[in-house]
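*Asks:* structure of the sequence below:
(chains A and B)
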Amino acid sequence: MNRLKIILILILAGVLLAGCVSKQPSEVQPTVQPTATVQPTKAPETVTLNGAGATFPYPLISKWSSEYNKIKTNIQINYQSVGSGAGIKQITARTVDFGASDAPLTEQEYANVSGILQIPESIGAVVVAYNLPGIQKGVKLSGDVIADIFLGKITKWNDPKIVSLNPGIQFPAKDIIVAHRSDGSGTTFVFSDYLSAVSSDWKSKVGKGKSVNWPVGLGGKGNEGVAGLLNQNPYSIGYIELAYAKLQNISYAYIKNKAGKFIEPTLETTANAAAGAVSILPAGDVSWASVSIVDAQGDNSYPISSFTYLLVYKNQVDQTKGKMLAEFIWWAVHDGQKYSSDLLYVPLPDEVVSLNERTIKLMNYNGQPFIQG
Amino acid sequence: MNKIKYSIFGRSKLSGDFIFEALVGLFALGVIVLAFLLFRELFIESQLSRNTFGLGFLTTSTWNPVNEVFGALPFIFGTIVSSFLALLIAVPFSLGIAIFLSELAPEKLRTPLSFIIELLAAVPSVIIGLWGIFILAPFIRDYLAPPLSTYLGFLPLFQGPMYGLSMLTGGVILAIMIIPITSSISREVIMTVPTHQREAALALGATGWETTRIAVLPYARSGIFGAVILGFGRAIGETMAVTMVIGNSPRISASLFSPSYTMASVIANEFTEATSKLYISSLIEIGFLLLVISFIINIAARILVWKLLKVEGGGVT
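*Replies:* Coordinates of the predicted model:
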């Protein structure tokens, strides 16, 4: 029967199709294709280094990409800002040459990906922003007060705890509208990390993470979503990246640091926090899961900040590309830092750069480090 | 292929017709296989979550990525309530539009008007979402919510503070998004009602409205119902616009003024940054549930439509 044959062919084709699809790894499908391997003998050929990860450092990495391409015209750096989580998945699956994450790998993530190096490439600060009609930037807040607001314990702007920190400011007797990120983000990680560090109540009830179980408030998608909520709702409070707040002229609070001073978030005060935390930083090839520079030491350190990391493998499998990658990252943590301030990123303090130098020198091909010294 | 009467069976196996039949058959089968694989993949990938939380996943209202305790109830609630709210708003509008365009509007206006309404369906949802954030949410907060809470505030539905982003805003946005599809399908269904139905009613002395009510709507009932279900299906799966205006807060509240959260939104919001296996698996289980819910609704709608068809002996699905 021909009809039977047709049906058989169709079924066979269907089975084959099913087979093709189900043979794929069951993890989330990576969107970036691995680049073709380059023959070491053909030096002038253009090589693309692919990266994927956090959205926060995207403008900086793009700038690096174009500037580095001017120096090394045969190297193209292609970075996809797909989110830290996706970046970690892709570098774990080795579908990209480098990843980027706003938070250090957790113990579990670190265990999943052997031989990964974590290289702080820039520093981000998170500001506590608000919309209080008639009140400019510079409302003074302390960690426990911020935690109580985001826990829903302080509900009015004229709460004695807020008033006592701000003599001379007349606060309205209005309900506080809390705005937070609804999407998973490094910004939320830094902010909740800070609140966990300064409030045991927050630590036990909410904890830290890229998404957390918010006790109160409205969720906005992205910095722009939170900023939109703040703009539209008088008497609201939220948290956003420093750069975004500065560019959008959003009022933000001065935060009480460990030394008891109220610090305005700026590039300098954030860099101070990172420098103050250098002594606690581990080597680049061990787990950084417990690393945090929030609530850092130092009189002039802004307390809500975090490193953002590049993720690369210590043992590279392609000699040419590995060398190019090592050289690019070396350039990025040295010369590349001069592009930070213009883009409102915090340049790495010298102490962190020298830590990174030691880490980058670990990158090797068959035990042969790319950068000697 | 069974319907082709002058089938090529018996001729050379590699005739053009044979290849054509096999090819189109493959395409048709491909879609079915794809749907099956989608189910299968979501089912397999959500195994960890199903094993960990069991049926409790459906009844737990905690969503805590930090401690890895996941329950889908607030999202299921948010999805279903916002979609029903959208239907509640969209169906009268859509029916009105459909009746106007097919029965009442002057001949010259029908085509341009229906074209404009269908154009609304082509607006990308992120654009509708932005409009929702900047225009609709403040409008609802300032002009719609105050009278609602003043006059209907005794109902739990309209209590509590309103910040703009809320279940109500999400429902209105969804309604706007499903009106084009529901109204244009309803219109086409109504247009297929045979003219003699109308003429019969008119001949009996019915007024215009009576004709529509007695002769047209019952005839088109099952088709209109199908249109409504299609709209419902779109509302359930809609992600971007509703994520931008619903407030993204996984809590169950009786008030439409409270922020809420939908299943599609939580996947869109959290999937990119989810790294732990259980977290990803739980998000995938939500996706699986979303797929199951849409299937159930579509199947239920089909069955209803068939039943109606039998009773009425007419109409269009």
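*Asks:* the residue nearest to residue B:298 when sequence neighbours are not counted: how many residues sit nearby?
*Replies:* Spatial nearest neighbour of residue B:298, excluding adjacent residues (CB to CB, 6 or more residues apart in numbering or on different chains): residue B:233 at 6.3 Å. For every residue, glycine as well, the C-beta is placed using N, CA and C. A total of 19 residues lie near residue B:233 under the criterion other CB atoms under 10 Å in any protein chain shown.
*Asks:* same question, residue B:27
*Replies:* 9.
*Asks:* so it is in which element?
*Replies:* helix B:16-45 (DSSP states H and E).
*Asks:* let me see the mean pLDDT of that helix.
*Replies:* On average, the pLDDT along helix B:16-45 is 92.
*Asks:* remind me what the very next helix or strand once past that helix packs against, helices and strands.
*Replies:* As assigned by DSSP H and E, the chain's next helix or strand after helix B:16-45 is helix B:47-53. Helix B:47-53 sits against helix B:277-312, with contacts defined as 3 or more CB pairs under 8 Å, 6 or more residues apart in numbering or on different chains; DSSP states H and E.
*Asks:* which other helices and strands does the helix it packs on contact?
*Replies:* By 3+ CB pairs under 8 Å, 6+ apart, helix B:277-312 packs against helix B:16-45, helix B:47-53, helix B:56-59, strand B:69-70, helix B:73-99, helix B:217-237, helix B:263-270.
*Asks:* for the longest one, name the packing helices and strands.
*Replies:* Contacting helix B:16-45 under the criterion 3+ CB pairs under 8 Å, 6+ apart are the following elements: helix A:2-22, helix B:277-312.
*Asks:* got the buried residues for the helix holding residue B:27?
*Replies:* B:17-18, B:21-22, B:25, B:29, B:33, B:41-42, B:45 (16 or more other CB atoms under 10 Å in any protein chain shown).
*Asks:* now for the residue in the stretch 1-150 of chain A that chain B sits nearest to, how many residues are close by?
*Replies:* In the stretch 1-150 of chain A, no residue comes nearer to chain B than residue A:83, which is 3.4 Å away by CB to the nearest CB. Neighbour count of residue A:83, defined by other CB under 10 Å: 28.
*Asks:* isn't it right next to residue A:54, touching?
*Replies:* Yes. Contact criterion CB atoms under 8 Å: residue A:83 and residue A:54 qualify, at 6.7 Å.
*Asks:* who's in contact with the closest residue to residue B:242 other than its chain neighbours?
*Replies:* Nearest residue to residue B:242 in three dimensions, chain neighbours excluded: residue B:170, at 4.9 Å (CB to CB, 6+ apart). Neighbour list for residue B:170: B:78, B:82, B:85, B:242, B:245-247, B:260, B:262 [criterion: CB atoms under 8 Å, 6 or more residues apart in numbering or on different chains].
*Asks:* mind listing what's buried in the strand or helix carrying residue A:51?
*Replies:* Per DSSP H and E: residue A:51 is located in strand A:47-53. Buried residues in strand A:47-53, defined by neighbour count with 16+ other CB under 10 Å: A:47, A:49-53.
*Asks:* do the same with stretch A:229-249
*Replies:* Of the residues in stretch A:229-249, A:229-233, A:235-246 count as buried by neighbour count, 16+ other CB under 10 Å.
*Asks:* ok, stretch A:359-369 next?
*Replies:* Buried residues in stretch A:359-369 (16+ other CB under 10 Å): A:359-365, A:369.
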